[in-house]
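1. Quick one: sequence and predicted model below, then my questions.
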Amino acid sequence: MIDCYKILGVRQNATASEIKRAYRAKAKLFHPDATHSHNSEKFRLLVKAYKILSDKKQRSIFDVSFYTRFHSGKKNKNSFDYHEWLIARTDYESRAKLIVFDLMHNREDEAVQEFKRMNMNHADFSLKQWFSREDFMDYGYILAEELVLRGEYYDAIILLEQIIGLEKRYNYFRLFFPEVMDFTLNILKRNVDGVLSDELSIDVWERALDMGFSQKDNAFFLRKMAESYRRLGDIRTAEICIMECAKM
């Protein structure tokens, strides 16, 4: 039996976010189409391990059958607590790193709450500023997923917009970018109209028009913008949206 944790390079108590991030990182190394190398067997095992560990039921069965027991290390009382150190600091870099630390250590609720608090109280706060491009794109996508799970659709779209913009400039996600676009489009079509206010919805639709979706999708965004403008009493702008839609 393969050791799924060893193949992915994660601890047995790794969170779902850590498993997903590890899979993405290794897939970029082993995917035959990306590397033009003979890593097909490694990639096959990687996919198999990820499928097992990303499914709660399969992971539970694997844990019982592969490990007889798991020892969680006892923490030295005098050891440095990085989490507590970050909590005590108020500078933007520390708060950004606290968000990611919580996100990757089974504290997703705390990560989302801190992210929203910082965005609400500090207009100049940016998660992207404190991480490498690659790390931000990975962490940002995982955070966006957590935001969506909690119904924080506007914040998720803002994060995804940044990731999509970086992908257009640097072509990092490659194998995973269709997943990012599909995820974003699903939010735009299912979780904006009737969920966000008309003002926020219009902001989202305008952002969506620059994300690189199809003309059919852009026409959908324009129609929704027109509906929001009508509800706000701005008939002229609504008509402009419809005219733009007709050109698609």
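-> The structure has been received and is ready for your questions. Numbers count the residues shown, from 1 in each chain.
2. Now the element after the worst-scoring helix or strand of the chain on mean pLDDT, going C-ward?
-> One helix or strand of the chain scores below all others by mean pLDDT, DSSP states H and E: helix 32-35, with a mean of 60. Moving toward the C-terminus from helix 32-35, the next helix or strand (DSSP states H and E) is helix 40-53.
3. packing partners for the following helix or strand past that next one?
-> Counting by DSSP H and E, the next helix or strand C-terminal to helix 40-53 is helix 56-66. Applying 3 or more Cβ pairs under 8 Å, 6 or more residues apart in numbering; DSSP states H and E, one finds that helix 56-66 makes contact with helix 4-8, helix 40-53. No exception for glycine: its C-beta is placed from N, CA and C like everyone else's.
4. what angle do the longest one and helix 56-66 make?
-> Taking axes from the mean of the first three to the mean of the last three Cα atoms, to 10 degrees, helix 40-53 and helix 56-66 form an angle of 110 degrees between their directions.
5. per-residue confidence averaged over helix 40-53?
-> For helix 40-53, mean pLDDT is 87.
6. Please save the CA atoms from it in PDB.
-> Below are the C-alpha coordinates for helix 40-53, written out as PDB (Å, rounded to 0.1, in the frame of the first residue of the first chain):
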ATOM      1  CA  SER A  40       4.100   9.700 -15.600                       C
ATOM      2  CA  GLU A  41       4.300   7.000 -12.800                       C
ATOM      3  CA  LYS A  42       5.100   9.600 -10.100                       C
ATOM      4  CA  PHE A  43       2.300  11.700 -11.400                       C
ATOM      5  CA  ARG A  44      -0.100   8.700 -11.300                       C
ATOM      6  CA  LEU A  45       0.800   8.000  -7.700                       C
ATOM      7  CA  LEU A  46       0.500  11.600  -6.800                       C
ATOM      8  CA  VAL A  47      -3.000  11.800  -8.300                       C
ATOM      9  CA  LYS A  48      -4.000   8.600  -6.500                       C
ATOM     10  CA  ALA A  49      -2.700   9.800  -3.100                       C
ATOM     11  CA  TYR A  50      -4.500  13.100  -3.500                       C
ATOM     12  CA  LYS A  51      -7.800  11.500  -4.400                       C
ATOM     13  CA  ILE A  52      -7.500   9.400  -1.200                       C
ATOM     14  CA  LEU A  53      -6.600  12.200   1.100                       C
END
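7. Contacts only, for Asp198.
-> Contacts for Asp198 (Cβ atoms under 8 Å, 6 or more residues apart in numbering) come out as 228-229, 231-232.
8. and if we set it to 7 Å?
-> Residues near Asp198 by Cβ atoms under 7 Å, 6 or more residues apart in numbering: 228, 231-232.
9. any idea which residue sits dead centre in the chain?
-> Nearest to the mean C-alpha position of the chain, by Cα atoms, centre = their mean, lies Tyr141 at 1.6 Å.
10. And that one, how far from Arg150?
-> Distance, Tyr141 to Arg150, by Cβ to Cβ, to the nearest Å: 16 Å.
11. repeat for Leu103
-> 13 Å.
12. Near Ile157, how many residues? Count them for me, please.
-> 25 (other Cβ atoms under 10 Å).
13. now do Glu146
-> 18.
14. Where does the prediction get shaky in this protein?
-> Within the chain, the stretches with pLDDT under 70 are 1, 32-39, 64-79.
15. Could you rerun that using 50?
-> Applying pLDDT under 50 to the chain flags residues 68-74.
16. wait, which of the helices and strands packed on helix 56-66 is closest to Asn191?
-> Asn191 sits nearest to helix 40-53 of all those, at 26.6 Å, using Cβ to Cβ.
17. one step back: can I get the helix or strand harbouring the residue nearest to the centre of the chain in CSV, CA atoms only?
-> According to DSSP H and E, Tyr141 maps onto helix 133-149. Presented in CSV, the C-alpha positions along helix 133-149 are these (Å, rounded to 0.1, in the frame of the first residue of the first chain):
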residue,chain,number,x,y,z
ARG,A,133,3.6,35.8,-6.4
GLU,A,134,3.4,32.0,-6.4
ASP,A,135,2.5,31.7,-2.7
PHE,A,136,-0.1,34.5,-2.9
MET,A,137,-1.8,32.7,-5.8
ASP,A,138,-1.9,29.4,-4.0
TYR,A,139,-2.9,30.8,-0.5
GLY,A,140,-5.3,33.3,-2.1
TYR,A,141,-7.2,30.6,-4.0
ILE,A,142,-7.5,28.4,-0.8
LEU,A,143,-8.7,31.5,1.1
ALA,A,144,-11.2,32.3,-1.6
GLU,A,145,-12.6,28.8,-1.3
GLU,A,146,-13.0,29.3,2.5
LEU,A,147,-14.7,32.6,1.9
VAL,A,148,-17.2,31.1,-0.5
LEU,A,149,-18.0,28.3,2.0
